[in-house]
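Student: missing the sequence, but the structure's below:
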């Protein structure tokens, strides 16, 4: 089993603490594998097999335990009575009122609990009701670039490999199951289409009782086609109207929130760099994994600029940055990333060869007068160096440098 130290390192300090470990993220991002890694880690620390109780609600084996009473009774029947129980429950949102069972377990037993789920809104609302202050959440993403290299057994890429390896990652995405064996791009996209359908139907439509599935899918297609672009609710409504579809703003926001809760998309708010305030309109959206876009839209070189932004955004999130779309007067800065007292400014571009591109990417960063680090992240490893204190770096190198900070 290939380890994922980015996440195990974050969870390690909470092992054996009286706090529920909640692992969320889009389906097939590796949550089940992480639970197995944690169980293996516990055994290496001396925990006995009989102390570990594990349920996976994607399996019909546990269909009879889908109420909180049945779940509680089953775990009580198999847990050790004279030692701490380590309880792992995968896709717990499949259990009706599961939070009541988990709360009672915490009160009644000596138990260390780890749960996963694929819908953040359901989990957060239920946890807030019964377990406020007694849980910690870890959001799991598909593979980072460094994890992708590890899964394939690649060493640190050098020379022309830097382009080839990154291009493979860009084209194939990061769902772990497709990087344990050799698959073609087309085979991956075909299989990912099933993941997309499952997330859309099970974690979005069913969970939020959405009736107009066709409208929801049109919205997703609009978001997929506009990765990295800033737009407002009114612009989406106008687009849908041009397609002969009518949608009011309240329903639109409900759909967007449902998609965010299912981890298909992630919203980025605008930040006024000069005024130092978060703005309320014109957000950006990024998608959990690029292969989701390719599975329904195909791979298109025309979308590369947005795809590169997408990868940078999620790498920043892995590093626990709060990420915003920056504005400096009338000029856009792709990302303003904040972590504690640290701030970094980032522009992302496919190429820096044209003078107009150089001016467009550098000028907003030059206008920022503070001394925090500034980057232009490029898709071409040849266009790198330093310009007036602004570091131009190949995106593959940037992603790997960032990952070193998390492991």
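Tutor: Nice, thanks for sending it over. Just so it is clear, the structure is predicted and the values come from calculations on it, not from any experiment.

Student: flag the shaky bits of the stretch 101-250 of the chain, pLDDT-wise.
Tutor: 121-122 (pLDDT under 70).

Student: show me the helices in it, by range?
Tutor: Secondary structure of the stretch 101-250 of the chain (DSSP state H, counting those that start in this stretch): helices located at 120-130, 145-152, 161-172, 185-198, 207-208, 213-225, 233-242, 249-261.

Student: most packed of those?
Tutor: helix 145-152 (a mean of 20; mean count of other C-beta atoms under 10 Å). To be clear about C-beta, it is placed using only N, CA and C from the backbone, and glycine gets the same treatment.

Student: what helices or strands is that helix leaning on?
Tutor: helix 161-172, helix 395-404 (3 or more C-beta pairs under 8 Å, 6 or more residues apart in numbering; DSSP states H and E).

Student: contacts only, for residue 203.
Tutor: Counting by C-beta atoms under 8 Å, 6 or more residues apart in numbering, residue 203 touches 27, 118-119, 261-263.

Student: can you tell me how far it sits from residue 54?
Tutor: 22 Å (C-beta to C-beta, to the nearest Å).

Student: cool, and residue 185?
Tutor: From residue 185 to residue 54 the distance is 34 Å (C-beta to C-beta).

Student: same question, residue 302
Tutor: Residue 302 is 45 Å from residue 54, by C-beta to C-beta.

Student: and for residue 126?
Tutor: 21 Å.

Student: before we move on, what about residue 15?
Tutor: 16 Å.

Student: end to end on stretch 233-251, go ahead and measure it.
Tutor: This stretch, stretch 233-251, spans 11 Å end to end (C-alpha to C-alpha, to the nearest Å).

Student: show me what that stretch is in contact with.
Tutor: 215, 218-219, 222, 252-253, 255.

Student: what is the burial count for residue 199?
Tutor: Residues near residue 199, counting by other C-beta atoms under 10 Å, number 22.

Student: verify the stated contact: residue 92 with residue 100.
Tutor: No - the criterion here is C-beta atoms under 8 Å, and residue 92 misses it with residue 100 at 11.9 Å.

Student: and residue 326, which of the three is it?
Tutor: strand (DSSP: H, G, I helix; E, B strand; the rest coil).

Student: so which strand or helix has the closest residue to it other than its chain neighbours?
Tutor: Here the nearest residue to residue 326 in space, its sequence neighbours aside, is residue 333; by C-beta to C-beta, 6 or more residues apart in numbering that works out to 3.3 Å. Assigned by DSSP states H and E, residue 333 falls within strand 331-339.

Student: list the buried ones in that strand?
Tutor: 333-337 (16 or more other C-beta atoms under 10 Å).

Student: list the contacts of stretch 18-26.
Tutor: So stretch 18-26 is contacted by 7, 11, 14, 31, 34-35, 102, 106, 113-120, 123, 127, 131, 134-142, 199, 262-264, 288-289 (C-beta under 8 Å, 6+ apart).

Student: and those, which are buried?
Tutor: 7, 11, 14, 31, 34-35, 102, 106, 113-120, 123, 127, 131, 135, 138-142, 199, 262-264, 288-289.

Student: inside strands: which ones of these?
Tutor: 113-117, 135, 138-139 (DSSP state E).

Student: who's in contact with stretch 368-380?
Tutor: Applying C-beta under 8 Å, 6+ apart, the set of residues contacting stretch 368-380 is 273, 304, 308, 312, 328, 333, 342-353, 361-362, 365, 384, 387, 389-395, 398.

Student: quick check: mean pLDDT of that stretch?
Tutor: Over the span of stretch 368-380, the pLDDT mean works out to 94.

Student: list the buried ones in it?
Tutor: 368, 374-379.

Student: you'd agree residue 338 is up against residue 319?
Tutor: No - under the criterion of C-beta under 8 Å, residue 338 is not in contact with residue 319, lying 11.3 Å apart.

Student: about what we covered before: would TSV of the ones in strands among the buried ones among the contacts of stretch 18-26 with distance to residue 228 be doable?
Tutor: TSV is the format used below for these (distance: C-beta to C-beta, whole Å):
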residue	distance to residue 228
113	39
114	35
115	34
116	30
117	28
135	33
138	26
139	21
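
Student: which of these lies closest to residue 232?
Tutor: residue 139 (26.4 Å; C-beta to C-beta).

Student: quick one: the closest residue to residue 190 other than its chain neighbours from residue 220, how far?
Tutor: Of all residues beyond its chain neighbours, the one nearest residue 190 is residue 295 (7.4 Å), with distances taken as C-beta to C-beta, 6+ apart. Separation of residue 295 from residue 220 (C-beta to C-beta): 11 Å.

Student: which residues of the stretch 301-407 of the chain fall in strands?
Tutor: Here the stretch 301-407 of the chain has its strands, by DSSP state E, counting those that start in this stretch, at 322-328, 331-339, 342-349, 374-378, 385-387, 390-394.

Student: looking at those, which is closest to residue 157?
Tutor: Nearest to residue 157, of the strands of the stretch 301-407 of the chain and by C-beta to C-beta, is strand 390-394 at 10.4 Å.

Student: for the closest one, which outside residues touch it?
Tutor: Outside strand 390-394, the residues that touch it by C-beta under 8 Å, 6+ apart are 162, 352, 362, 365-366, 373-381, 383-386, 401.

Student: pull up the pairing partners for that strand, direction included.
Tutor: strand 374-378 (parallel), strand 385-387 (antiparallel) (DSSP bridges).

Student: by how many degrees do that strand and helix 395-404 diverge?
Tutor: Angle of strand 390-394 versus helix 395-404, following axes from the mean of the first three to the mean of the last three C-alpha atoms, to 10 degrees, is 100 degrees.

Student: begin at 28 from now on, thanks
Tutor: Sure, I'll start numbering at 28, so the last one becomes strand 417-421.

Student: just want the angle from strand 417-421 to strand 369-376.
Tutor: 60 degrees.
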